[in-house]
Every structure is written in C-alpha cells, then in structure tokens.
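Sequence unavailable; structure follows:
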Ligand SMILES: NC(=O)c1ccc[n+]([C@@H]2O[C@H](COP(=O)([O-])OP(=O)(O)OC[C@H]3O[C@@H](n4cnc5c(N)ncnc54)[C@H](O)[C@@H]3O)[C@@H](O)[C@H]2O)c1
Ligand SMILES: N[C@@H](CCC=O)C(=O)O
C-alpha cells in the first residue's frame, strides 16, 4: 500500500551545504557533457548521419550533447514498434505499470541535483528553477502512479438487481508525445508517463533544444526495467518528423505541449482520417499564454510587487504561466510600477550555474532575436522604464524589461513574447481591469491581488482563465494541488497533475453481465 501523495519538498538553497551539493553535481554533469545520443526504438540504439548539437544557452561554445536526428523512415519504424509493443503492454497489470513510475521517482529523488544540474546547462535554469522542476517531475511520477491504481479499482455504478456491471478504463494505443523545451524534464516526463501508465505505448519526440534531458530520462526508464518499445525516443526536426507522426494511421492520440501555432497545426492535421485509420485521433494540446496579474485599488502593494516580479522574470519569463501583463487600478498604478521596477532592477542576471543568479539566458538565437524584436515594438507602444538591453554575448541574455502605459490592445499586450518582458496597463476600475485581462485570445493563468472580498468574488466568476490565483503569483502550479491547463487558445484544458488527466489517455469500457 503506498502512502498518500505528497508534493516533493524543494531544496533550500539558503543552506550552504545544499549549494555545495549542487556545485558538485554541476561539476559531475559538466564532465560528462558532449556525449553522443542515439535514437532508441524498441530498445535498439540508432545513430544517424544527421546530428544536431545541443548547446548551453548561457555559453554558446559549450556542447551539451550530439544528438542523432530521425527522418520519416525512422518515424515510421518508431510507430510500427510502438504499435507492436502495445499488444503486450496493454495487458500488463496497472499496478505493475505504476511501479515503474514509483521506481523512477525514487531514483530521480536520489539523483535530484544531477538532473537539475543538467537543466542548468541545457535549458539555462537557475538552481532554484531547476530544483522546482525536478521536484515537479517526481510529483508527476508519484501522482500518476497512484492515479492509475485508483482508476484500476472497481468504478462506482448504479446497482442493477439482475446484472453485474463493470466499467474499465482501457488504453487507447500508440501515443505521440511532443513536449516543449521550457520544462524539459517535468512536462516531458509527465506527458510520457501519463500515457504509458495508462497502458499506451509512446513515441517521444523531445524538444529540439533540450533533447539530452529527455535522453537521460529515457535512460532512467530503461534503468527501472520498462520493457523496450513502450517508450521510443525519437529526436528530430519538429516539422519533418512531427508531421509523419501526427499523420500516421496507427497514431491513436497526440499529446502536445508547446506554441499555439504548432498546436493548431497538429489539431488540424490530426482531424484528417488517413487510409487504414480506424479511429478519430485524440488531441491533447496545451499551448501558450498571455497571463495577467490584476492589482486592485485595495491591495497589499508589497505583495503585488513581489508576485509580479517573481511571475514575470522567473526563468526569464519563459513559462506559459508567466505574467506578461500587469493591469493596475489607476489609484495605485504609479506605486506598484515603482516597486516592481525597484525589485526587478536588483535581480542578478548571470550564468545560471552561479548560485547568485536570479535569471539566466533565454533558450536560443531564435528566441533571443524574437524577444529583442518585441522590445523594439514595445518602445513604440509604451514607455520603457527598465531594461531592454542584453547581457554577456557568450549567451542569450536579455535584461528584465518593463514597459509602462501600454494599451490593452497593443501587440505586446496581445502576443506571447516568452521572455523577460512585461507590459503595465492602467485601469480606471476593477471591472475595467478584469475586462482588459480577458481581452486576449488566450486564457491560461491569471492572478488578482486584492483585499476586497467582493472584487475577488467578481474575479472568481468573470476572470476567464484555467488557473486563477488570488494574492499569490500566477506561476508555480503544484501537482495534485493546482491541476494545470488553459482555456481558449491556451489549449484543451487538460489539467495536468489533476485527477481527470489520465482519463484523456484511456477509453472506458462497460461490461454488463446478465446471469
Ligand atoms: N500550456 C502549457 O501547459 C504549456 C507548458 C509549457 C509551454 N507551453 C508553451 O510552449 C511554447 C514554448 O515551447 P516551444 O517553443 O517548445 O513550442 P513549439 O511549439 O515551438 O515546440 C513544441 C514541440 O513541438 C515540436 N514541433 C515543432 N513543429 C512541429 C510540427 N510541425 N509537428 C509536430 N511537432 C512539432 C517541437 O520540436 C517541440 O517538441 C510557449 O508557447 C509556451 O507557452 C505551454
Ligand atoms: N506549470 C507551470 C508552467 C508550465 C508552462 O510553462 C507553472 O504553473 O508555472
């Protein structure tokens, strides 16, 4: 019998011994950088001619790993392998499937700093951000393992005098899992293990900028004895390999987390039925955000400034949940702006391997160029009050940037920038603030900082986002506590880390036996 699920405790980096342990992990991981990573299909290692180097965004000269790239033929092979493996994997006992997750969680917990340190190198995460993510990955494994055990119990049905009725949650088939780079361990591991613990087999196409972390997780799944072919590791160019996987008639579902454009493309392609396809493909697509924090006239302004600073600049704003809009009642607008500028100007931007770093680089050249372009747009649309510049040219560093007096309809208020850039907008009333907050195509996270109970009730009813937080930051959802997913163009509201999530990877079969 397993203990009740509890969230993994975060490491306290105010304690010197924890910093020293992290430094040691960084050294160990750094010594192993630069290895070659093959594809893994049905347990077979496949090295291809085409390879891509994953690099450290804080130090472009440092190679994290050299990763073989799949093509259309190898994507076909991966799907065929997953389909063949499904025939046995679907019959395994759900408790056995759950145990693979519990074992993996135990190892991850023991080697926590090692996985986190790799994220510092490959994704540019500070030690605090990396540790929180490894904790989330452990939580997903522990939570989904228990959830599968719960779903495999007899399900409550209305009693019928003359029949024995039972409902089972059975797997779907081959799932294509396409995670993003910004939570390269937690989201990738959560999406992959939710699919496999429910009895499906997986083709995992990792994000192109963080394939090494996914390879390490793949190695962990092999270490705990997961049978070959249950998860097939298939790095490759998103457009080329992604389309083949999504279109394939044997693909039963696609679990995607990433940008709106790619999510919509997948959704459209998956809707087309191909020759030999016997089902309607299921698409779980979690996409972008343009998340707002609303500050009411009656609010703790210190709390407001703290939550805005953390939500906007944590991991350089590269979270789907990040605060990229701040909408403030006119009576407290200047005070809140001043406090946030003061806090943000104290943030230390440096190599995330350093213990003192509050924020590191953005992920790659493309993101760097795109964010700088938005900063130029912002200069036309608002008043630049902080940042706007870059940092150490050896990496992709962009300063925490704040624009004031931005219209709610401006491009920097509407389009996802995915960087350390936040726009302040003034509202004449609380109602107008909520209307501004709702005035985008997205609907992922939001927060309200207020001491006014009636206004909080109004926001509870009218602020249209999947994850709404009061008097706290709008990032940092905890597994089991804050099931995560958004409305509108933010996705299918799958509520990862919640009790409904695994159902997305199952189909319910009812058997009615009349004696
Ligand atoms: N809602 C959420 O839970 C959530 C969580 C994390 C990130 N995100 C969003 O993800 C985005 C950032 O991640 P990203 O830059 O990795 O997103 P992205 O859409 O560029 O890439 C996501 C994944 O899709 C793959 N891909 C690219 N083109 C493809 C295609 N044509 N077919 C199939 N796969 C393809 C990529 O290789 C990657 O693995 C942001 O928009 C962010 O808001 C959302
Ligand atoms: N679940 C994370 C965001 C994931 C998207 O990037 C949070 O709540 O901050």
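On my side now, so go ahead. Quantities reported herein were computed from a predicted structural model and do not represent experimental measurements. Ligands and ions are numbered 1, 2, ... in the order given.

How about the residues of the stretch 401-515 of the chain by ligand 2?
475-477, 484 (Cβ under 6 Å from any ligand atom). Using the backbone N, CA and C atoms, a C-beta is placed for each residue, glycine as well.

can you check the chain too?
Counting by Cβ under 6 Å from any ligand atom, the residues of the chain near ligand 2 are 182-183, 319-321, 475-477, 484.

swap the cut-off to 5 Å and go again
Within the chain, the positions adjacent to ligand 2 are 319-321, 475-477, 484 by Cβ under 5 Å from any ligand atom.

Most neighbours among the residues you listed, please name it.
For those, the largest neighbour count, defined by other Cβ atoms under 10 Å, is 27 neighbours, found at residue 320.

can you pull out the strands in the stretch 151-300 of the chain?
Counting by DSSP state E, counting those that start in this stretch, the stretch 151-300 of the chain has strands at residues 163-171, 174-178, 201-204, 231-233, 251-257, 282-286, 291-295.

Can you list the neighbours in contact with the fourth one?
Looking back up the chat, that one is strand 231-233. 39-42, 78, 81-82, 192, 196, 201-204, 206, 214-215, 218, 221 (Cβ atoms under 8 Å, 6 or more residues apart in numbering).

Contacts only, for residue 492.
283-286, 485.

Repeat that for residue 312.
Applying Cβ under 8 Å, 6+ apart to residue 312 gives the contacts 322-324, 326, 340, 344, 400, 420, 422.

Any idea how many residues pack against the closest residue to residue 329 other than its chain neighbours?
Once flanking residues are discounted, residue 329 sits nearest to residue 297: 4.1 Å by Cβ to Cβ, 6 or more residues apart in numbering. Residue 297 is flanked by 18 other residues according to other Cβ under 10 Å.

next one: the one 3 residues further on
The number of residues packed around residue 300, counting by other Cβ under 10 Å, is 15.

That one and residue 471 touch, don't they?
Yes: counting by Cβ atoms under 8 Å, residue 471 is a contact partner of residue 300 at 7.4 Å.

list residues touching both of those two?
residue 449.

Enumerate the positions of the helix or strand bottoming out on mean pLDDT in the chain that are buried.
One helix or strand of the chain scores below all others by mean pLDDT, DSSP states H and E: helix 238-247, with a mean of 94. Buried positions in helix 238-247, judged by neighbour count with 16 or more other Cβ atoms under 10 Å: 241-247.

what's the answer for stretch 405-422, then?
406, 408, 410, 412-422.

just stretch 34-42 next, same as before
Here stretch 34-42 shows 37-42 as buried, counting by 16+ other Cβ under 10 Å.

how about the residues of this structure near ligand 1?
178, 180-181, 207-208, 238-239, 242, 257-259, 262, 286, 288, 320.

Of these, grab the buried ones for ChimeraX.
Restricted to buried positions by 16+ other Cβ under 10 Å, the ChimeraX selection for these reads:
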select :178,180,181,207,208,242,257,258,262,286,288,320
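
Report the lowest-confidence entry in the residues of the chain next to ligand 1.
The lowest pLDDT within the residues of the chain next to ligand 1 belongs to residue 239, which sits at 86.

if I look at that one, how far off is ligand 2?
For residue 239, the distance to ligand 2 equals 22 Å [Cβ to the nearest ligand atom, to the nearest Å].

And residue 338, by the same measure?
Residue 338 is 26 Å from ligand 2, by Cβ to the nearest ligand atom.

part of a helix, is that residue?
Yes: using DSSP: H, G, I helix; E, B strand; the rest coil, the assignment for residue 338 is a helix.

Can you give me the distance of it to residue 399?
Distance, residue 338 to residue 399, by Cβ to Cβ, to the nearest Å: 18 Å.

and those two? which has more neighbours close in?
Set residue 338 next to residue 399 and count neighbours by other Cβ under 10 Å: residue 399 wins out with 21 against 13.

In contact with the more buried one, which residues are there?
Here residue 399 is in contact with 349, 386-391, 420 (criterion: Cβ under 8 Å, 6+ apart).

cool, and residue 406?
Contacts of residue 406 (Cβ under 8 Å, 6+ apart): 378, 381-382, 412-413, 423-425.

again, only this time at 6 Å
381-382, 413, 423, 425 (Cβ atoms under 6 Å, 6 or more residues apart in numbering).

where does it fall, helix, sheet strand or coil?
coil.

what do you get for residue 402?
What three-state DSSP gives for residue 402 is strand.

Grab the nearest non-local neighbour of it.
residue 386 is the one closest to residue 402 (Cβ to Cβ, 6+ apart), at 4.2 Å.

swap in residue 280?
In space, residue 280 is closest to residue 273, 7.7 Å off (Cβ to Cβ, 6+ apart).

can you pull out the strands in the stretch 351-500 of the chain?
383-386, 401-404, 421-427, 445-449, 467-470.

winner for burial among the ones you listed?
strand 445-449 (a mean of 29; mean count of other Cβ atoms under 10 Å).

Counting by contacts, list what that strand packs against.
Packed against strand 445-449 by the contact rule (3 or more Cβ pairs under 6 Å, 6 or more residues apart in numbering; DSSP states H and E) you find strand 291-295, strand 467-470.

Now render those as CSV, adding mean pLDDT.
As requested, the helices and strands packed on strand 445-449 are exported to CSV (pLDDT from 0 to 100):
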stretch, mean pLDDT
strand 291-295, 99
strand 467-470, 98
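
Out of those, flag the one nearest residue 95.
Among these, the nearest to residue 95 by Cβ to Cβ is strand 467-470 (31.4 Å).

Tell me the neighbouring strands of that closest one, and mark each as parallel or antiparallel.
strand 445-449 (parallel) (DSSP bridges).

How far off centre is the strand it pairs with?
Taking the mean of its C-alpha atoms, strand 445-449 sits 19 Å from the chain's own mean (Cα atoms, centre = their mean, to the nearest Å).

What angle do strand 291-295 and it make with each other?
Per axes from the mean of the first three to the mean of the last three Cα atoms, to 10 degrees, the angle that strand 445-449 makes with strand 291-295 is 10 degrees.

which residues sit against strand 445-449?
Contacts of strand 445-449 (Cβ under 6 Å, 6+ apart): 291-295, 299, 304, 321, 437, 459, 463, 465, 467-471, 474.

Buried only: go through these for me.
291-295, 299, 304, 321, 437, 459, 463, 465, 467-469, 474.

on that earlier part again, which one of the strands of the stretch 151-300 of the chain lies nearest to residue 118?
Evaluated with Cβ to Cβ, the strands of the stretch 151-300 of the chain place strand 231-233 nearest to residue 118, the distance being 15.7 Å.

Show the average pLDDT along that closest one.
98.

cool, stretch 73-88 as well?
On average, stretch 73-88 scores 98.

Quick check: the farthest pair among the contacts of residue 406?
Largest separation among the contacts of residue 406 by Cβ to Cβ: 381 and 425, giving 10.7 Å.

Among the contacts of residue 492, which one lies nearest to ligand 2?
residue 286 (8.0 Å; Cβ to the nearest ligand atom).

Would you agree the closest one is in contact with residue 489?
No: the criterion here is Cβ atoms under 6 Å, and residue 286 misses it with residue 489 at 11.1 Å.

can you pull the contacts of residue 389?
Residue 389 neighbours (Cβ under 6 Å, 6+ apart): residue 399.

Use 21 as the first number from now on
All right, first residue 21 from here; so that's residue 409.

measure it to ligand 2 for me?
25 Å.
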